[in-house]
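# Take this sequence and fold it.
(one chain, ligands or ions: 1)
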Amino acid sequence: MADPELVDVVVVGLGVGGEEVAGRLAEAGLSVVGVERDLVGGECPYWGCVPSKMMIRAANAIAEARRVDGLAGSTEVRPDWAPVARRIREEATDTWDDTVAVQRFTGKGGRFVRGTARLDGPGRVRVGERVFQARHGIVLGTGTRPSVPPVDGLADTPYWTNRQAIEVEELPESLLVLGGGAIGLELAQVFARFGVRVTVVEALDRVLALEEPEASEVAAAALRADGVEIHTGVRAERVGHDGRAFTLRGAGGAEFTADRLLVVTGRRAHLDELGLDTVGVDAGRRYLTVDDRLHVTEGIWAVGDVTGEGAFTHVAMYQAGIVVADVLDHARRADAGADPSGTASATGGAAGTGAGGSARAVPRADYRALPRVTFTDPEVGAVGLTEHQARERGVNVQVGLARLPSSARGWIHKAGNEGFVKLVADADEGVLIGATSVGPAGGEVLSALVVAVHAAVPLARLRQMIYAYPTFHRAIEDALRDMS
Ligand SMILES: Cc1cc2nc3c(=O)[nH]c(=O)nc-3n(C[C@H](O)[C@H](O)[C@H](O)COP(=O)(O)OP(=O)(O)OC[C@H]3O[C@@H](n4cnc5c(N)ncnc54)[C@H](O)[C@@H]3O)c2cc1C
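Purely as a prediction, here's the structure:
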């Protein structure tokens, strides 16, 4: 076995969270090894947020052009996927090449290692034949991969996950989407707007099942208006592929066929691959259990999707800030001799100089005001608890709802004005604990509601605010008035 190389920190997985942590720790002067087996940047820039939002931008342009009829004359729209595929290839992903991202990291002083990493005992990480001993800590940012349900026959078929759907150069004529969550609906609407016959099959009794039921209704109606067939309450039982088309049979005998099948039924962490047993951590869980400073166990932190605190890029970035502060705090203490096991930094860097390693209190993670946006048209933005979740927790709930079409801006907007603002308040505390904003700018309107939940702004203060006329966000004032 090779002698371990002594470094300050090893970051395993350079997706959104890992890259941020590794880059910032390297900039702070620590010697950082970042290990990535696939592409630096992770799912978001190559197969997730960025290319999918480019697809959505293009599909929304088509939808908006079609709304000219009845508002501003007439248009004839001839969708063409080629510019979308080209933009994803050339602008978003460099044809799925991470050279620039690797340079971004090494330019900050980090050391990049391509490969699959495994823990190899306390403080140690193995990548093939190489072993690194981390003086100050190990950060696991290994993300998630698609979770494919154990449907009879499915594994033997050439089904798509989000990766093939994002990489597609030529659209199929028809597409079955298994899963009516955020990713499934976003992609279903995009492809439908480009002329693909899309059918969504969802096992639960509504799409976007984690959001407010009113949001599910508006989203389903919008997709149906785009020609998407939606079947809820259908559990897939068997999938077949005859070399040309897919057949999906649901419980109760329903049968669907299409040229392609996209499986978007959630994502899962693969903890069994990480060597967690060598550091006494249970690998049998769904996600890595972390405390509010993202600690997994002594000397190990986790960041991003692998923590199960919300599979969003903004969660990974938020957590990264806490991990960076905490690792630097540990390094500073170790270098100052506060930690009896601590020795000088491998580079004599941040921990010794105090760069970024100040004694400021390390922030603690707080997900009360976690925002989430499904980028369908209309967008579904939400923060905090839904009404159902709040009632389940025994909160004395107050709810208010205002529909956009009957607001001044919604009425002016006309075509494409579906949506609402729903507020969920804790009546005893007099503050919002959750809100949903659905509409043409639902994700943007959400920001005011995130501030309200995050800062626990009293309802009385929100009622005293001046809301610009005629904006979509004035629906917040209408919903406050509706509160009973
Ligand atoms: C289609 C789609 C659309 C999305 N849209 C949005 C959106 O609009 N907004 C939003 O906030 N989020 C969105 N997300 C979610 C977002 O992409 C993730 O939350 C984000 O990528 C999580 O970052 P991460 O660093 O935790 O993990 P990842 O980005 O998954 O990165 C983890 C990295 O670790 C590497 N790795 C794993 N194990 C090892 C190992 N043992 N050794 C070395 N390397 C390893 C992997 O190769 C990977 O590169 C979307 C996701 C998808 C799939």
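# pLDDT (mean, whole number) over stretch 190-204?
Per-residue pLDDT over stretch 190-204 has a mean of 98.
# which bits of the stretch 151-300 of the chain sit near the ligand?
Among all residues of the stretch 151-300 of the chain, those adjacent to the ligand (criterion: C-beta under 6 Å from any ligand atom) are 162, 183, 273. C-betas here are computed from N, CA, C, even on glycine.
# Can you give me the distance of residue 140 to residue 336?
Using C-beta to C-beta, to the nearest Å, one obtains 26 Å as the distance from residue 140 to residue 336.
# More neighbours: which of those two?
A side-by-side neighbour count of residue 140 and residue 336, using other C-beta atoms under 10 Å, places residue 140 first with 30 against 14.
# quick one: is stretch 42-62 near the ligand?
Yes - applying C-beta under 6 Å from any ligand atom, one finds stretch 42-62 in contact with the ligand at 42, 43, 44, 48, 49, 52, 53.
# Which residues does that stretch contact?
If you take C-beta atoms under 8 Å, 6 or more residues apart in numbering as the criterion, stretch 42-62 is touched by 13-19, 39, 77, 79, 83-84, 87-88, 91-93, 96, 98, 101, 141, 143-144, 162-163, 166-167, 183, 186-187, 189-190, 193-194, 304, 313, 375, 377.
# How about that stretch, which residues are buried there?
Residues of stretch 42-62 classed as buried under the neighbour-count rule (16 or more other C-beta atoms under 10 Å) are 42-52, 54-56, 58-60, 62.
# Got the confidence number for the nearest residue to residue 160 once chain neighbours are set aside?
Distances taken as C-beta to C-beta, 6 or more residues apart in numbering place residue 262 nearest to residue 160, at 4.5 Å, with adjacent residues excluded. At residue 262, the predicted lDDT confidence score is 98.
# quick one: contacts for residue 262?
Residues touching residue 262, when contacts are defined by C-beta under 8 Å, 6+ apart, comprise 159, 160, 161, 162, 164, 165, 175, 176, 177, 178, 184, 187.
# switch the cut-off to 7 Å
Going by C-beta atoms under 7 Å, 6 or more residues apart in numbering, residue 262 touches 160, 165, 175, 177, 178, 187.
# For it, what is the enclosing helix or strand?
When elements are defined using DSSP states H and E, residue 262 is found to belong to strand 260-263.
# How far does that strand sit from its chain's centre?
20 Å (C-alpha atoms, centre = their mean, to the nearest Å).
# wait, what's in contact with residue 286?
Residues near residue 286 by C-beta under 7 Å, 6+ apart: 268, 269, 308.
# These, buried ones only, as a PyMOL selection?
Here is the PyMOL command that selects only those of those that count as buried (16+ other C-beta under 10 Å):
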select buried, resi 269+308
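# I'd like the contacts of residue 286 laid out as CSV, including secondary structure and pLDDT.
Converted to CSV, these look like this (DSSP: H, G, I helix; E, B strand; the rest coil; pLDDT from 0 to 100):
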residue, secondary structure, pLDDT
268, strand, 94
269, coil, 96
308, coil, 97
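# Which element, helix or strand, includes the residue of the stretch 51-200 of the chain at minimum distance from the ligand?
When C-beta to the nearest ligand atom is the measure, the stretch 51-200 of the chain has its nearest residue to the ligand at residue 143, with 2.3 Å between them. Using DSSP H and E, residue 143 sits in no helix or strand.
# which ones are touching it?
With contact set as C-beta under 7 Å, 6+ apart, residue 143 has these partners: 13, 15, 42, 43, 304, 305, 306.
# can you redo these as a markdown table with secondary structure?
Shown next, in a markdown table, are these (DSSP: H, G, I helix; E, B strand; the rest coil):
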| residue | secondary structure |
| --- | --- |
| 13 | coil |
| 15 | coil |
| 42 | coil |
| 43 | helix |
| 304 | helix |
| 305 | helix |
| 306 | helix |
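# Just give me the closest of the residues you listed to residue 244.
residue 43 (30.2 Å; C-beta to C-beta).
# Give the buried residues for stretch 122-134.
By neighbour count, with 16+ other C-beta under 10 Å as the criterion, the buried positions of stretch 122-134 are 123, 124, 125, 126, 127, 131, 132, 133, 134.
# And the residues you listed, which two are furthest apart?
Between all members of those, the longest pairwise span (C-beta to C-beta) is found for 123 and 127 and amounts to 14.6 Å.
# Find the closest residue to the ligand in the stretch 301-450 of the chain.
residue 304 (2.1 Å).
# Residue 139 is in contact with that residue, correct?
No - distance between residue 304 and residue 139: 9.8 Å, which falls outside the contact criterion (C-beta atoms under 7 Å).
# So for the two, which residue has more residues nearby?
Taking other C-beta under 10 Å, residue 304 and residue 139 do not tie; residue 304 has more neighbours (38 against 30).
# how much space between that one and residue 125?
When distance is defined by C-beta to C-beta, residue 304 is 17 Å away from residue 125.
# ditto for residue 289
Using C-beta to C-beta, we find residue 289 at a distance of 20 Å from residue 125.
# I'd assumed residue 423 was in a strand, is it?
Yes - remark: residue 423 belongs to a strand, assigned using three-state DSSP.
# Report how many residues lie close to it.
Count around residue 423 with other C-beta under 10 Å applied: 27.
# before we move on, the earlier item: tell me the one of the residues of stretch 42-62 next to the ligand nearest the ligand?
Using C-beta to the nearest ligand atom, residue 42 is the member of these that lies nearest the ligand, at 2.4 Å.
# Now do the same for the closest one: its pLDDT.
98.
# Who are the contact partners of residue 452?
With C-beta under 7 Å, 6+ apart, residue 452 has these contacts: 432, 462.
# how far away is it from residue 462?
Relative to residue 462, residue 452 is positioned 6 Å away (C-beta to C-beta).
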